[in-house]
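**Q** Fold the following for me, if possible:
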Amino acid sequence: MGHLDRRQILAGALGAGAASLVDLTQVAAQGSGTLRIAMTASDIPLPNGQTDQGAEGMRFVGYNVFDSLILWDLSKADAPGGLIPGLATSWQVDPADQNRWTFALRPGVTFHDGSPLDAAAVVWNFDKILRNDAPQYDPRQAGQGRTRIPSVKAYRALDPMTLEFTTHAPNALFPYEMSWILMSSPTQWDKVGRNWENFLKAPSGTGPWKVDRYTPRERLELVPNTAYWNPARRPKLDRVVLVPMPEGTTRLSALLAGQVDWIEAPPSDALAQLRSRGMQIVSNVYPHNWTWHFSRTEGSPWNDIRIRKAANLAVDRDGMVELLGGLMLPAKGMVPPASPWFGKPSFEVKTDLAAARQLMSEAGFGPTRPLAVKAIISPSGSGQMQPQVMNELIQQNLAEIGIKVDFEVMDWNALVSSWRAGARDASSRGAHSTNSSYFSQDPFTALIRHLDSGLMPPRGTNWGYYSDPAMDALFAEIRASFDPARQLAAIQRAHEKFVDDALFLFVAHDVAPRALSPRVKGFVQAQNWYQDICPVTIG
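**A** Okay, here's the model as predicted:
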């Protein structure tokens, strides 16, 4: 991929014509109670329980069709929502044994097929991703869910409505891990021949929406679960249609043509046009960052802290704000400076080309003797903002200080698979970094899962094989701190080290822009990666 300057990138974005529309004839011919959403994903997330297509799959399919023991509060826009009871009404750690947790299940919950949710069904669902010898073990769901719950050592039903989980070590963050695991119906799996491919044709969860029609690569149609256990979240719409549209111009054209009512990540150059057509542009600060995750394997150029810092000092984040129509916050770390987790790092992430060139010179490189690096990127997918033009700008920025970037472009799902497999795996194709948008709602997902030496693949998602005993000690302190003040102090020290050692290329904090038809009413954009479509209506 050639080098482009910022004017060329902006011109290319502004000049992009409307892509040819996919065939949405049947989608467009829905009633007034139907909401049609164009996702950035290239395929429909699997409605099997532990869905794919990254966290966008969790947003639109996972938490709508299935539930977890612990959910997120998505009811307000003016403050971050924390964890709330879901299929479990309460959970607690044993004061005498902090490796032991008990969960009380919510009575009266049924799956969409009418079968009851009980402790045996929850154990069955953990077995489907953790027990390779279980009849219901599903490698696809295991690939999505196993790395989310590295703390789990054992689990069992104490009685029909009570569960016990044992962790490998005390972990105060354990409830966050549990929010990732979604419940599929064991009864339905049996009914469809004990086969996950058949289950996809007739899914059954406990969520507020039921699957009415699933057509891979085309659409997923959801209808209300009128018996949902939480009456306050019973859907107001008659139907939701989810459509995969990875190309931003295609999503834009579909919205302007009235073929969809809601698009994720509208092209930044089209915001004025959308507003002039009466579309709603909604956004909100939320815990989601956009970074390059560096490989720390043998021979990686990112093993040199001077090069890592130089790259961070080269990125024109103000230019990127302009490129994205103002819809991003420049990153100074994994979390924004306003976050209580930010701490007081000594290295300031900013644009300083002179300092960046000096660091590159000290490392033996520069514009006349460039350093070659390979970066994995995707053209779209799962809240990736506008990855192609953003990466082209970074490519140009790094070239100015003597870093020559070649891109390894992958489909989003392929990128996620290579990320789980790790930088040493053949699927990462010798790349020195992978670019992804990272969910950062809790300390584990924001910090620990990326850098804990105990979470190298296949156990976890430390893609770059980073290992530092000092960082591991901070992570251990975070997990062991059931006192909030002590835990906060450890989180701050870990984030300070994250920034001071320039462990990632910190670029942007997303503000989750989406464009809605003026007919869409009642949507509250939470300060959260996940969003609730249950209150939405169509005017």
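
**Q** Okay, now the unreliable bits of the protein?
**A** Counting by pLDDT under 70, the chain shows low-confidence ranges at 1-32, 381-383.

**Q** how does it look with 50?
**A** 1-22 (pLDDT under 50).

**Q** Report the central residue of it.
**A** Ala55 (3.7 Å; C-alpha atoms, centre = their mean).

**Q** if I've got this straight, that one is in a helix?
**A** Yes: secondary structure of Ala55 (DSSP: H, G, I helix; E, B strand; the rest coil): part of a helix.

**Q** got a list of what the nearest residue to it once chain neighbours are set aside touches?
**A** Spatial nearest neighbour of Ala55, chain neighbours left out: Phe439 (5.2 Å); criterion: C-beta to C-beta, 6 or more residues apart in numbering. The C-beta positions use only the backbone N, C-alpha and C, and glycine is treated the same way. Applying C-beta atoms under 8 Å, 6 or more residues apart in numbering to Phe439 gives the contacts Ala55, Pro287, His288, Thr445, Trp529.

**Q** what about Tyr530, how many neighbours?
**A** Using other C-beta atoms under 10 Å, the number of residues around Tyr530 comes to 21.

**Q** so it, which of the three states?
**A** Applying three-state DSSP: Tyr530 is coil.

**Q** and if you look at Phe126?
**A** helix.

**Q** Could you list every helix and strand that the longest helix anywhere in the chain packs against?
**A** Secondary structure of the chain read by DSSP state H shows that its longest helix is helix 484-500. Contact here means 3 or more C-beta pairs under 8 Å, 6 or more residues apart in numbering; DSSP states H and E; on that basis helix 484-500 packs against helix 443, helix 469-480.

**Q** Can you tell me which of those is most buried?
**A** helix 443 (a mean of 23; mean count of other C-beta atoms under 10 Å).

**Q** Tell me what the closest residue to Gln280 other than its chain neighbours is bridged to.
**A** Leaving out its chain neighbours, the residue that sits closest to Gln280 by C-beta to C-beta, 6+ apart is Leu516, at 4.3 Å. Taking DSSP bridges as the rule, Leu516 bridges to Trp262, Gln280.

**Q** burial of Leu516, as a residue count?
**A** 23.

**Q** Return the distance of stretch 166-183 from the chain's centre.
**A** 18 Å (C-alpha atoms, centre = their mean, to the nearest Å).

**Q** what about Phe504, how many neighbours?
**A** 27.

**Q** wait, isn't it in contact with Met334?
**A** Yes: when contacts are counted by C-beta atoms under 8 Å, Phe504 is listed as touching Met334 (7.1 Å).

**Q** check contacts around the residue of the chain positioned farthest from its centre.
**A** In the chain, the residue that sits farthest from the middle, by C-alpha atoms, centre = their mean, is Thr368; the gap is 38.6 Å. By C-beta under 8 Å, 6+ apart, Thr368 lies in contact with Gly402.

**Q** can you check the one 10 residues further on too?
**A** For Ser378, the set of contacting residues under the criterion of C-beta under 8 Å, 6+ apart consists of Gln384, Pro387, Val409, Met410, Asp411, Trp412, Ala414, Leu415, Asn435.

**Q** Find me whatever residue is spatially closest to the fourth one, sequence neighbours aside.
**A** If you skip the residues right next to it in sequence, Met410 has Ser378 as its closest partner in space, 5.5 Å away by C-beta to C-beta, 6+ apart.

**Q** repeat for the first one
**A** Counting by C-beta to C-beta, 6+ apart, the nearest residue to Gln384 once its immediate chain neighbours are dropped is Ser437, at 5.2 Å.

**Q** the strands in the stretch 201-350 of the chain, which residues?
**A** 209-215, 219-224, 239-244, 262-264, 280-282, 288-294, 329-330 (DSSP state E, counting those that start in this stretch).

**Q** which helices and strands sit right next to the last one?
**A** Packed against strand 329-330 by the contact rule (3+ C-beta pairs under 8 Å, 6+ apart) you find helix 317-323, strand 504-509.

**Q** want to try a markdown table for those, with distance to Val240 as columns?
**A** Output for the helices and strands packed on strand 329-330, formatted as a markdown table (distance: least, C-beta to C-beta, whole Å):
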| stretch | distance to Val240 |
| --- | --- |
| helix 317-323 | 32 |
| strand 504-509 | 28 |
